[in-house]
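Asks: Quick one, what's the 3D model for this:
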Amino acid sequence: MNKNAQIVKEILDIYFPDPGIPLHHSNPYTLLVAVVLSARSTDAMVNRVTPKLFEKASTPEKMAHLSEAEIREIIKPCGLSPQKAKALRSLSQILVDDFKGKVPATFEELESLPGVGHKTASVVMAQAFDIPAFPVDTHIFRCARRWGLSEGKTVKRVENDLKKIYLPEDWIRLHLQIIHFARKFCKSGRHFVANCPICSVLSK
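Replies: Numbering: from 1, shown residues only. Reported below is the predicted structural model:
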């Protein structure tokens, strides 16, 4: 582990020793739905929308029975509602038809579902099934580059670099720690190095 990586890990453990999952959910399916909805939206907005959605459809069977229009009306505040409504209804029907209503626990099967890319699959694998994965969102992409953990210009490259630096048993916790830390201290706009517990140390 390089020097920066060790410093980052130590500071993250101090500030966020037990990071919580930002998206509210009760099982692998509701997590999958929440992560799909989070694309180009905020976790706070998703958490405001999902209670109403899950009141009507908290299982693949119930979601598949809703019309796209019904789903779209509920999830509209999250943005991209036509695409997301279509994806949620389709993936729910596939789960019912092909997976006995259960969310699969492999990257290949998850990524075969409509609206589920590698990042979404990584979040579900990590948070629902506790299988080591390192999902890279905009916060992690920004911080990994800012902290000298990666020079990658793509999400895939940054993910690969982080997986090489840190041990698999640390990936899930670090993913959550960086997200929480970035939102509080290491924001994209109006970032002041002196006010960031990590950037201020690394800049010395």
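Asks: how's the chain carved up into domains?
Replies: 3-20+133-202, 28-129 (automatic domain parsing).
Asks: Now find how far off-centre the longest one is within its chain.
Replies: Averaging C-alpha positions (Cα atoms, centre = their mean, to the nearest Å) puts domain 28-129 13 Å from its chain's average.
Asks: With the shortest one instead?
Replies: If you compare the mean C-alpha spot of domain 3-20+133-202 with that of the full chain, they lie 14 Å apart, counting by Cα atoms, centre = their mean.
Asks: before we move on, back to that, possible to save the domains of the chain as TSV with mean neighbour count and mean pLDDT?
Replies: Quick note: C-beta positions are derived from backbone N, CA and C, even for glycine. As requested, the domains of the chain are exported to TSV (neighbours: other Cβ atoms under 10 Å; pLDDT from 0 to 100):
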stretch	mean neighbour count	mean pLDDT
domain 3-20+133-202	17	96
domain 28-129	18	97
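Asks: Could you tell me which residues make contact with the residue most central in space within the chain?
Replies: Centroid-nearest residue in the chain, with Cα atoms, centre = their mean: Val123, separated by 4.8 Å. By Cβ atoms under 8 Å, 6 or more residues apart in numbering, the contact list for Val123 reads 31, 35, 133, 135.
Asks: again, but for His139
Replies: So His139 contacts 178-179, 182-183, 186 (Cβ under 8 Å, 6+ apart).
Asks: What does the closest residue in space to Pro135 that isn't next to it in sequence show for phi and psi?
Replies: Closest residue to Pro135 apart from its sequence neighbours, by Cβ to Cβ, 6 or more residues apart in numbering: Ser122 at 3.8 Å. With angles defined as degrees, to the nearest 10, Ser122 sits at phi -60, psi -40.
Asks: Let's verify Glu108: helix, strand, or coil?
Replies: What DSSP: H, G, I helix; E, B strand; the rest coil gives for Glu108 is helix.
Asks: gap between it and Lys184?
Replies: 35 Å (Cβ to Cβ, to the nearest Å).
Asks: wait, what's in contact with the residue lying closest to Arg48 once chain neighbours are set aside?
Replies: Spatial nearest neighbour of Arg48, chain neighbours left out: Pro77 (7.0 Å); criterion: Cβ to Cβ, 6+ apart. Residues counted as contacts of Pro77 (Cβ under 8 Å, 6+ apart) are 45, 48-49.
Asks: please redo it, this time with the cut-off set to 10 Å
Replies: Residues in contact with Pro77 (Cβ atoms under 10 Å, 6 or more residues apart in numbering) are 37, 41, 45-46, 48-49.
Asks: Equivalent analysis for Asp170, please.
Replies: Each residue near Asp170 by Cβ under 10 Å, 6+ apart is listed here: 1, 9, 12-13, 132, 134, 162, 177.
Asks: I'd like those written out as JSON lines, with distance to Ser200 and secondary structure added.
Replies: JSON lines is the format used below for those (distance: Cβ to Cβ, whole Å; DSSP: H, G, I helix; E, B strand; the rest coil):
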{"residue": "Met1", "distance to Ser200": "21", "secondary structure": "coil"}
{"residue": "Lys9", "distance to Ser200": "16", "secondary structure": "helix"}
{"residue": "Leu12", "distance to Ser200": "14", "secondary structure": "helix"}
{"residue": "Asp13", "distance to Ser200": "17", "secondary structure": "helix"}
{"residue": "Pro132", "distance to Ser200": "30", "secondary structure": "coil"}
{"residue": "Phe134", "distance to Ser200": "25", "secondary structure": "coil"}
{"residue": "Leu162", "distance to Ser200": "22", "secondary structure": "helix"}
{"residue": "Gln177", "distance to Ser200": "17", "secondary structure": "helix"}
